[in-house]
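Participant: below is the structure, and that's it, no one-letter string:
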């Protein structure tokens with residue numbers, strides 16, 4: 001389709017010698033053919049974007065993945081069943097025991113409302129599907145929508161052919177697939193569509209100065225704020241873009257109208273969302289947008305005065321106004337911070353500016369795997385050829401600098417930095433990488449495709465250009481090299497397709513609750529331990545049973561087992577999480593007192609030493625120690641390491657480690673079994689060594705259930721024994737009547 005459109009454009013340029021009527025007729029036919037080809041190409045890209053994300057459903061079943069999606073599914077079911085008013089007033093007593101949680105006012109409801117509307121519409125046309133099925137397939141559907149809006153965005157920035165390539169790239173880019181496969185029912189599944197929509201409509205508003213496009217941008221931003229907390233990136237990127245526009249001398253009334261109207265309307269609409277409210281004007285993350293808004297009004301006023309005052313008077317007046325505005329602004333910020341009206345930046349925001357901040361001050365943030373810095377290999381795995389095309393695309397944007405291309409430059413440079421700080425933000429980089437990559441590929445293909453098919457015409461054009469410039473005329477690149485380069489680029493794009501398909505199939509389509517491994521013969525081995533354990537909890541424990549586990553599994557336990565948990569993935573209360581971390585890191589008798597105080601009836605751990613599952617609690621245990629140490633200074637990380645400072649479960653491990661509750665619950669009875677005839681007893685398949693303490697005795701807890709492959713182990717907390725009865729006295733306190741002497 002891309003080649004067809006390119007050839008049509010070339011054909012239009014070569015029909016200059018035809019008659020006017022025939023020329024118009026041919027161009028009309030060409031336009032109709034081009035529109036038809038482009039329509040079917042976009043339809044095909046849409047279907048590919050949806051289909052490539054269905055591997056998990058085809059290979060397993062329509063099931064919710066990961067951790068956060070289980071909470072989203074549970075809240076969606078509440079919304080669909082009970083309605084919007086019950087949803088917003090819902091106080092959930094099954095989480096964060098004994099504190100509970102107000103759900104309706106502490107979440108971004110856009111994902112749930114979208115699923116509810118879609119479910120109601122399907123039922124309205126008698127297409128009855130369950131809420132779970134709607135949740136499973138929502139992310140692939142919105143991924144298809146993202147391809148369409150990305151096409152339009154790239155078309156506005158560059159041209160239609162770049163738009164086709166951008167839609168093609170984002171349909172299968174691995175970094176976006178990782179968050180939008182079927183079953184990945186998370187906020188990002190719909191938020192990336194909203195993010196690209198905001199940027200596309202805002203750029204259109206700047207290009208046209210139309211209030212209609214401004215209002216469209218505000219509506220898409222309102223949906224984005226409802227869907228994901230990543231809207232903070234938008235409300236800080238747009239002011240940065242305005243600053244760059246002003247500094248590069250590209251200020252215009254269109255820019256002034258677009259940003260000023262957008263900020264005012266968007267802020268008012270955001271304040272209507274329960275979870276945001278007055279944060280839109282009171283938190284540090286929003287202050288940059290407010291500051292640029294007021295600064296832009298002053299700049300616009302100064303531009304107005306420039307045309308009505310002399311140069312000397314204008315300079316004096318602007319100096320006074322700038323000093324006055326700066327003093328007032330600085331004073332207002334100082335008073336706001338001092339009085340607490342302006343809240344400081346959150347820990348996650350500081351982490352983006354200082355990658356070491358979380359590890360030092362907020363270990364709970366640093367413990368999350370998706371908050372770790374991005375490695376170079378991740379860039380090449382998640383972007384493939386786009387990693388090389390990004391700088392080329394930025395070069396072409398700088399070569400043809402417009403308001404739209406300048407926005408793309410600011411967007412891609414910002415996301416490249418932030419994605420390096422936090423691997424999760426590779427998702428935000430994906431649209432920028434696809435658009436800049438499409439611009440680079442489009443320009444290269446345009447040049448080489450036309451030069452290869454019409455070499456004489458290209459040579460003539462080069463000679464004319466050289467003569468105009470007064471340079472010597474000689475052929476810089478031969479036709480053979482052009483063909484070789486063109487074939488090489490097309491082959492690279494084909495390898496991008498193969499890599500993305502493999503990543504979608506193997507790397508990103510395995511649900512975390514159903515594990516898959518390869519046997520020695522290459523056959524698939526399915527481990528369904530998670531659902532086995534959660535089903536056991538649901539059927540063998542009381543409805544109000546309290547389950548203690550690390551916070552990673554809280555959403556799954558409440559979503560699948562319908563049982564009460566102490567902590568979950570919301571991580572809003574660091575003290576509560578630190579209490580659980582202290583219980584896991586302490587000796588059994590100390591942990592028992594903590595569990596008894598928290599009314600814990602069952603404790604659950606994830607152990608991969610038998611099956612070879614590396615994402616178990618043993619590999620997360622040091623974070624439990626660090627977080628628990630923030631609550632109790634007696635818990636010191638050095639006590640859990642060997643004398644050489646190594647983190648090991650072997651014989652040389654720290655005594656605090658070998659006697660901790662976590663160690664006992666994971667390795668209880670493990671020292672009696674062999675994983676293979678060649679391995680000794682107690683050989684850990686993940687750590688690849690023999691454990692140090694095999695003779696584990698439990699006093700206050702007892703094993704209740706262990707799954708088939710030992711991945712989940714559940715222990716029952718014993719009740720306190722009653723006091724022993726007082727033994728009868730050896731001699732009666734009162735003498736019997738027979739022994740009383742007669743008087």
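Facilitator: Happy to help now that I have it. Quick caveat, the model's predicted, so the values are computed rather than measured.

Participant: poorly predicted segments of the protein, please.
Facilitator: Applying pLDDT under 70 to the chain flags the ranges 1-31, 347-348, 357-359, 361, 450-479, 723-743.

Participant: tell me where it has strands.
Facilitator: 91-92, 101-102, 515-518, 524-527, 546-548, 564-565, 602-606, 683-684, 689-690, 701-706, 712-717 (DSSP state E).

Participant: can you list those in TSV and add mean neighbour count?
Facilitator: Every C-beta, even on glycine, is put in place using the N, C-alpha and C of the backbone. What follows is the strands of the chain, written out as TSV (neighbours: other CB atoms under 10 Å):
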stretch	mean neighbour count
strand 91-92	14
strand 101-102	16
strand 515-518	14
strand 524-527	12
strand 546-548	23
strand 564-565	24
strand 602-606	24
strand 683-684	21
strand 689-690	15
strand 701-706	17
strand 712-717	22
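
Participant: quick check: residue 649 touching residue 657?
Facilitator: Yes - Residue 649 is in contact with residue 657 according to CB atoms under 8 Å; the separation is 7.0 Å.

Participant: identify the contacts common to those two.
Facilitator: residue 663 (CB atoms under 8 Å, 6 or more residues apart in numbering).

Participant: what about residue 185, neighbour count?
Facilitator: Look at residue 185: counted by other CB atoms under 10 Å, it has 27 neighbours.

Participant: how about it, what does it touch?
Facilitator: Per CB under 8 Å, 6+ apart, neighbours of residue 185: 64-65, 69, 72-73, 76, 111, 135-136, 138-139.

Participant: kindly tell me how buried the residue lying closest to it once chain neighbours are set aside is, as a neighbour count.
Facilitator: Nearest residue to residue 185, sequence neighbours excluded (CB to CB, 6 or more residues apart in numbering): residue 69, at 3.9 Å. Residue 69 has 27 neighbours, counted by other CB under 10 Å.

Participant: buried stuff in stretch 570-583?
Facilitator: Neighbour-count burial for stretch 570-583 flags 570-571, 574, 576-583 (criterion: 16 or more other CB atoms under 10 Å).

Participant: reformat these as JSON lines; add distance to residue 335.
Facilitator: What follows is the buried residues of stretch 570-583, written out as JSON lines (distance: CB to CB, whole Å):
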{"residue": "570", "distance to residue 335": "33"}
{"residue": "571", "distance to residue 335": "32"}
{"residue": "574", "distance to residue 335": "30"}
{"residue": "576", "distance to residue 335": "34"}
{"residue": "577", "distance to residue 335": "35"}
{"residue": "578", "distance to residue 335": "35"}
{"residue": "579", "distance to residue 335": "38"}
{"residue": "580", "distance to residue 335": "40"}
{"residue": "581", "distance to residue 335": "39"}
{"residue": "582", "distance to residue 335": "40"}
{"residue": "583", "distance to residue 335": "44"}
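
Participant: taking the residues you listed one by one, which sit in helices?
Facilitator: In this view, the buried residues of stretch 570-583 that belong to helices under DSSP state H are 574, 576-583.

Participant: what is the nearest of the contacts of residue 185 to residue 416?
Facilitator: Distance to residue 416 across the contacts of residue 185 (CB to CB) is lowest for residue 139, with 24.9 Å.

Participant: measure how buried the closest one is and give me the count.
Facilitator: By other CB under 10 Å, neighbour count at residue 139 equals 27.
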